[in-house]
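Undergrad: Sequence first, predicted coordinates after that:
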Amino acid sequence: MPEYVISIDQGTTSSRAIIFDRAGSLVAVGQKEHAQLMPQAGYVEHDPLQIWQNVQEVIGVALGRADLTGQDIAGIGITNQRETTIVWDRHTGEPIHNAIVWQDTRTQPLIDELAASGGTDRFRSTTGLPLASYFSASKIAWLLEHVPGARERAEAGDLLFGTPDTWVLWNLTGGPEGGVHITDVTNASRTLLMELTTLSWHDELLRAFNIPRAMLPEIRSSSEVYGHAEPSSLLHGVPVAGILGDQQAATFGQAAFEAGTSKNTYGTGCFLIFQTGTEIVHSTNGLITTVGYQLGDAPAHYALEGSIAVTGSLIQWLRDQLGLIRSADEVEALAGSVPDNGGVYVVPAFSGLFAPYWRPDARGAIVGLTRYANRGHIARAALEAVAYQTRDVLDAVNADVPVPLAELRVDGGMVANDTLMQFQADVLGVPVVRPRVAETTALGAAYAAGLAVGFWSGIDELRANWREDRRWEPHLEQAEQDRLLRQWRKAVSKSIDWVDADTQ
């Protein structure tokens, strides 16, 4: 009997395959980065063919490192960067354009046009989402209007749309030779095209964005058998049985199943999810309403989410654009070379400000500079910006759902940074807790797949797997916390209303 589950984690900067055992422990990892393509300001793209090639490679690496074959794997889970939009030819498997990444802001003019009638909340009661370039619908619309012949091909039924989960699943299960064209409810809820109550594509939204329904994948639950890996795959015959968008997957991997539980993931962006159970809660404080998960035929569970566009990618920017560090792990030592931020604040509004501000007119700013400021102060201010943005989101959660936060469970690559985690606890005033298995995004997708094939008996078994690794307690005096937050919010105000009609 197979003793392992594999998770394909198709993220913003890399693709990974991670194998887990029954205890939820990591057995082996394969990982490979893909190119970040930025042809002009506001544009962020990926090559879908490179992503699929990398997925195949990392599956082989993970199996090789664990000395396993497909026969040892009970199920495949998929988790992915959400909102990123891929359109391809159903007959050839060739993408019609690079993937338009969730961070991309090229579609803001279309968003402004739609918001002119009804405002940015025009579709919020249906979708739980504000009108924003962040979500998939406007990206699909852009591709149909700007790629020659795309609209005609889409209306003829020749083109398919998917977020990366759908792209990976379709290729993994056969591609042009019978590939399964499916997404799950969590990813569908991030398109601006799905109705939250019915969990189905909504005709009014399709008309508003002028998107043919035939392009869209079938919406299914997060945990069921969708198909099997095709014969040429190293995982030939293994059922693909779980799909969760990356942030919902991380929440599931943190065993945050019930209403009132939450987690914060520190990755390329930063995403806090607060579970609301089977109740749909509409935010009045800048958060979005999303599907948390759905297990088979059971009712869907919903959540409030605060999405922050730039956190880990801010450290990449310090490395790649400014050259302040040679590798991302150097940022903690550089930040620790100074006792405080020296009055410097970094507002990383590279794609505008997401939750809770939703200001596409904002742009990044470094404020408070004096001759005293040095590389260390900028590095420290960059780390602190991650914690400040999380505080802003949690304030919005507490305003929408007045349940006191007892602790914050955290995961993602940046939780290895002790300086950041301590400052996060200080600026929140509550403990920050890291689990023993930090790869909770991949683990959540593995859990979803394992439940569907009977590898795990139920969520009680998953809950029993969770173990605390480290806890950071807050130590900052209230007066100092108040001062820092006041200065941070002043810095945010300086980044807003930067983009004019003629801004490039």
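TA: All right, it came through fine. Residues are numbered from 1 along each chain as shown.

Undergrad: For the residue lying farthest from the centre of the chain, give its distance to Gly343.
TA: Distance from the C-alpha centroid of the chain peaks at Arg371, with 37.8 Å (Cα atoms, centre = their mean). From Arg371 across to Gly343, the span is 12 Å (Cβ to Cβ, to the nearest Å). Yep, even glycine has a C-beta here, placed from its N, CA and C like the rest.

Undergrad: Over to Ile219?
TA: 50 Å.

Undergrad: The two: which is more packed in?
TA: Ranked by neighbour count (other Cβ atoms under 10 Å), Ile219 and Gly343 place Ile219 first, with 21 against 14.

Undergrad: The residue nearest to Asp340 when sequence neighbours are not counted is in what secondary structure piece?
TA: Distances taken as Cβ to Cβ, 6 or more residues apart in numbering place Arg380 nearest to Asp340, at 7.2 Å, with adjacent residues excluded. Of the helices and strands defined by DSSP states H and E, Arg380 is found in helix 375-400.

Undergrad: cool, Ala255 as well?
TA: When elements are assigned from DSSP H and E, Ala255 belongs to no helix and no strand.

Undergrad: Kindly report the same for Leu369.
TA: Applying DSSP H and E, one finds Leu369 in no helix or strand.

Undergrad: The stretch 251-400 of the chain: helices as residue ranges?
TA: Ranges of helices in the stretch 251-400 of the chain, per DSSP state H, counting those that start in this stretch, are 312-320, 331-335, 375-400.

Undergrad: cool, and the stretch 1-150 of the chain?
TA: With DSSP H, counting those that start in this stretch, the ranges of helices along the stretch 1-150 of the chain come out as 48-66, 108-115, 124-127, 136-146, 150-155.

Undergrad: Check which residues of the fourth one are buried.
TA: Meaning helix 136-146. Within helix 136-146, the residues scored as buried using 16 or more other Cβ atoms under 10 Å are Ser136, Ala137, Ser138, Lys139, Ile140, Ala141, Trp142, Leu143, Leu144.

Undergrad: average pLDDT across it?
TA: Helix 136-146 shows a mean pLDDT of 97.

Undergrad: same check, this time on the first one
TA: Mean pLDDT, taken over the full extent of helix 48-66, equals 97.

Undergrad: same check, this time on the shortest one
TA: Helix 124-127 comes out with an average pLDDT of 94.

Undergrad: who does it touch, helix- and strand-wise?
TA: Here helix 124-127 touches strand 194-195, helix 203-209, going by 3 or more Cβ pairs under 8 Å, 6 or more residues apart in numbering; DSSP states H and E.

Undergrad: and what of the longest one?
TA: Taking 3+ Cβ pairs under 8 Å, 6+ apart as contact, the helices and strands that helix 48-66 lies on are strand 4-10, strand 14-20, strand 26-33, helix 164-172.

Undergrad: what's that helix in contact with?
TA: By Cβ atoms under 8 Å, 6 or more residues apart in numbering, the residues outside helix 48-66 that reach it are 4, 6, 8, 10, 14-19, 27-32, 34-35, 69-70, 72, 86, 88, 95, 98-99, 164, 167-168, 171-172, 233-235.

Undergrad: buried residues in it?
TA: Buried residues in helix 48-66, counted by 16+ other Cβ under 10 Å: 48-52, 54-56, 58-59, 61-63, 66.

Undergrad: now it against helix 164-172, angle please.
TA: 70 degrees (axes from the mean of the first three to the mean of the last three Cα atoms, to 10 degrees).
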